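Trainee: here is my input; please provide its structure:
(one chain, ligands or ions: 2)
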Amino acid sequence: MSAAVFRRPGSVVIEERDVPSPGPGEVLVRVEACGVCGTDFHIFKGEAPARPPVVLGHEYCGEVVALGEGVAGLQLGDRVAVDPNIACGRCYHCRLGKVHLCGSMEALGVTLDGGFAGYSIAPVTQCHALPSHMSAVQGAFVEPVACCVHGIDLAGIKPGNTVVVLGGGTIGLILLQLAQTSGATTLIVSEPVQKKRELASELGATLAVDPLSADLEEQVRAVAPAGADIVIEAVGRPDTVEAAVRIAARGGCILLFGVAPEDAKVSINPFAIYKKELRIQGSYVNPFTFSRAISLLASGAVKVEPLVERVVPLEDLPSVLASGPSAGGAKTLAGLNLTRG
Ligand SMILES: [Zn+2]
Ligand SMILES: [Zn+2]
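Mentor: Ligands and ions are numbered 1, 2, ... in the order given. Just a heads-up that it's a prediction; the model follows:
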């Protein structure tokens, strides 16, 4: 089989490898599709940790084609989405039930071989069965949608709320749709790329604004004079975090979802947080949200097909990673065995 292996920063190569055999408690997944995540670009550039040599790819789905010893609950031919984040189950945070904050987390596609390969080994406990009608593209989106569901849970959107999403990339437009299913009635997306603003409107935004054409706060307050009950930062830049503080309503919540560079700093006036009684909330990965992500995708409540910019063969992955994320943050998928679209 072919596999896209991260060797060192700046170097991802396609290797020919033997198809691996599942050990006890593991299954062999014939990968159908695997999404390229912002994290993959960061790993490629050496900006995010990984454990080379490792097969990248942590957003994938496929068909179970071999079962290791003692595997129960899955059968040959089942289609699954793989939760890449493997918690230790023994540490302080795991025993508090906060498995995503595990101090010894391993991750398929980051520290263990992942889904940018013809086949991938995964512990059966990380595999979530997919309804048969779900497409491979939808299956590859279960992981990022599960991350967004966790963020939306933390944001605490109430029916009738005003929500502003800063950034109309793949993640911003998933968060937009989830905010809508959560009952937000005024949904504003701030995005400089016109094509993305149009897509935001198609996917449920009541207003899509260009933050570069006019003052963002004025544009938001024109339709929501009190400001936004919830501001979702889905860019990961200091200036958008600072803008979030300005456009949040009193008593509002700012969800920091975009991944900022590790050394980035923001300038925030603590008095504004005090006086407006703001809640600033981080969101990290996807604890216990895979099942709901599958339901949201399978039901059509979250649409992901319009978010896919291109589907490329695995062999193109080194050049995709070297060329960096596309403007506007549209999704690239590696299609491996795309018999189901
Ligand atoms: Zn990811
Ligand atoms: Zn742990």
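Trainee: going forward, measure contacts between C-alpha atoms and count neighbours the same way
Mentor: Will do.
Trainee: those residues of the stretch 101-250 of the chain touching ligand 2, which are they?
Mentor: Applying C-alpha under 5 Å from the ion, we find that the stretch 101-250 of the chain lies next to ligand 2 at residue 102.
Trainee: just say helix, strand or coil for residue 61.
Mentor: strand (DSSP: H, G, I helix; E, B strand; the rest coil).
Trainee: direction included, what does the longest strand along the chain pair against?
Mentor: When the chain is parsed with DSSP state E, its longest strand is strand 26-36. Strand pairing for strand 26-36, using DSSP bridges, gives strand 60-67 (antiparallel), strand 119-123 (antiparallel), strand 331-335 (antiparallel).
Trainee: in terms of mean pLDDT, which of the ones you listed ranks lowest?
Mentor: Note on those: strand 331-335 shows the lowest mean pLDDT, a mean of 89.
Trainee: mind listing what residue 248 touches?
Mentor: Listed by C-alpha atoms under 8 Å, 6 or more residues apart in numbering, the contact partners of residue 248 are 227-231, 254, 278.
Trainee: next up, phi/psi of it, please.
Mentor: phi -70, psi 140 (degrees, to the nearest 10).
Trainee: and it, what's its pLDDT?
Mentor: Residue 248 is given a pLDDT of 98.
Trainee: kindly report the same for the one 3 residues further on.
Mentor: Listed pLDDT for residue 251 reads 98.
Trainee: and the strands in the stretch 1-150 of the chain?
Mentor: Listed in chain order, the strands of the stretch 1-150 of the chain (DSSP state E, counting those that start in this stretch) span residues 2-8, 11-16, 26-36, 54-55, 60-67, 79-82, 85-86, 106-107, 119-123, 127-129.
Trainee: these into TSV, with extra columns for mean neighbour count?
Mentor: Output for the strands of the stretch 1-150 of the chain, formatted as TSV (neighbours: other C-alpha atoms under 10 Å):
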stretch	mean neighbour count
strand 2-8	22
strand 11-16	17
strand 26-36	28
strand 54-55	24
strand 60-67	25
strand 79-82	28
strand 85-86	20
strand 106-107	18
strand 119-123	25
strand 127-129	21
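Trainee: which strands or helices does the longest helix belonging to the chain pack on?
Mentor: Secondary structure assigned by DSSP state H gives helix 142-155 as the longest helix of the chain. Secondary-structure packing of helix 142-155 (3 or more C-alpha pairs under 8 Å, 6 or more residues apart in numbering; DSSP states H and E): strand 79-82, helix 170-181, strand 248-256, strand 279-282, helix 290-299.
Trainee: the third one: partners in the sheet, and parallel or antiparallel?
Mentor: Put plainly, it is strand 248-256. strand 228-233 (parallel), strand 279-282 (parallel).
Trainee: mind listing what's buried along the shortest one?
Mentor: Residues of strand 279-282 classed as buried by neighbour count (16 or more other C-alpha atoms under 10 Å): residue 279.
Trainee: what's in contact with that strand?
Mentor: Strand 279-282 has contacts (C-alpha under 8 Å, 6+ apart) with 151, 154-155, 251-257, 273.
Trainee: the first one now?
Mentor: Residues outside strand 228-233 that contact it (C-alpha under 8 Å, 6+ apart) are 155, 157, 161-167, 220, 240-241, 244, 247-258.
Trainee: please save the CA atoms from that strand in PDB.
Mentor: What follows is strand 228-233, C-alpha atoms only, in PDB (Å, rounded to 0.1, in the frame of the first residue of the first chain):
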ATOM      1  CA  ALA A 228     -23.300  39.300  19.900                       C
ATOM      2  CA  ASP A 229     -24.300  36.900  22.700                       C
ATOM      3  CA  ILE A 230     -21.700  34.400  21.400                       C
ATOM      4  CA  VAL A 231     -18.700  35.300  19.300                       C
ATOM      5  CA  ILE A 232     -16.900  32.300  17.800                       C
ATOM      6  CA  GLU A 233     -13.300  33.000  16.800                       C
END
